[in-house]
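Student: Sequence first, then the predicted structure, then my questions.
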Amino acid sequence: MESREELIISEIKKNPGIRFREVMEKINLSNGVLSYYVRKLENNGIIRTKRTTRVSRFFINDMTEEESKVVSRLRQTTPKAILVTLLENDRLEFQKIVSNVGKANSTVSFYLSKLVNDEIVSYKKVDLKKNYFVVEKKRIANLITEYHPDVVENASDNLADIMSSL
């Protein structure tokens, strides 16, 4: 039987970027018990916690900060949809991203600016319009394949071809 520490580490390895509440529910630990073990694992350098104003996400320490950013965004529906859209299409204007993602302009704009700030997505101006693209296609594709294989299974043939060619 696995110890509580091993269960927590295993869950974080399987689901990098997982939130506190998700870990609690998946391995059936109370808030206080999980807090104790998380603090212990952090102090021992096994896991790290990325805290924002609204959420704490857990990662195994061997994941780079850049990978952590990407994986965190992939756990969110809209950023994941934006990244898949941009992987399927080399460069897209904002309105094409909006139509592919199927969300409001403001929602896409909000998450697209986060992806640009995280240096996951960039853009080039062409005829006064921004054309967005994924900065490191291969790295993003590998992270999607490793941590979100469901995206590849549910995506179009075009994305599957892109993933296999990288």
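Tutor: Perfect, I can see it now.
Student: Flag the helix or strand of this structure with the lowest per-element mean pLDDT.
Tutor: Of all the helices and strands that make up the chain, helix 157-165 has the lowest average by mean pLDDT, DSSP states H and E, namely a mean of 53.
Student: Just the buried positions in stretch 63-74, please.
Tutor: For stretch 63-74, burial by neighbour count (16 or more other Cβ atoms under 10 Å) applies to 63, 67-74. Quick note: C-beta positions are derived from backbone N, CA and C, even for glycine.
Student: Distance from the chain centre to it, please.
Tutor: 6 Å (Cα atoms, centre = their mean, to the nearest Å).
Student: List the contacts of that stretch.
Tutor: For stretch 63-74, contacts defined as Cβ atoms under 8 Å, 6 or more residues apart in numbering pick out 16-17, 50, 57, 59, 79-80, 83, 111, 114-115, 118-120, 139-140, 143-144, 147-148, 151.
Student: Show only the entries of the residues you listed found in helices.
Tutor: If you go by DSSP state H, those have 79-80, 83, 111, 114-115, 139-140, 143-144, 147, 151 in helices.
Student: Let's have those in TSV, adding distance to Asp127, neighbour count and pLDDT.
Tutor: Listed next are these as TSV, based on distance: Cβ to Cβ, whole Å; neighbours: other Cβ atoms under 10 Å; pLDDT from 0 to 100:
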residue	distance to Asp127	neighbour count	pLDDT
Pro79	27	23	96
Lys80	29	17	93
Leu83	25	25	94
Tyr111	24	23	97
Lys114	25	18	96
Leu115	22	22	97
Arg139	29	16	90
Ile140	27	23	90
Leu143	32	20	88
Ile144	31	23	86
Tyr147	37	19	81
Val151	32	19	66
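Student: Looking at these, which one is closest to Ser30?
Tutor: Closest to Ser30 out of the ones in helices among the contacts of stretch 63-74 is Tyr147 (27.3 Å), distances taken as Cβ to Cβ.
Student: what sits against the closest residue to Lys129 other than its chain neighbours?
Tutor: Among residues not flanking Lys129 along the chain, Glu93 sits closest, at 5.3 Å (Cβ to Cβ, 6 or more residues apart in numbering). Going by Cβ under 8 Å, 6+ apart, Glu93 touches 129-132.
Student: would CSV of the residues you listed with neighbour count, pLDDT and secondary structure be doable?
Tutor: Listed next are the contacts of Glu93 as CSV, based on neighbours: other Cβ atoms under 10 Å; pLDDT from 0 to 100; DSSP: H, G, I helix; E, B strand; the rest coil:
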residue, neighbour count, pLDDT, secondary structure
Lys129, 11, 92, strand
Lys130, 15, 95, strand
Asn131, 16, 96, strand
Tyr132, 22, 97, strand
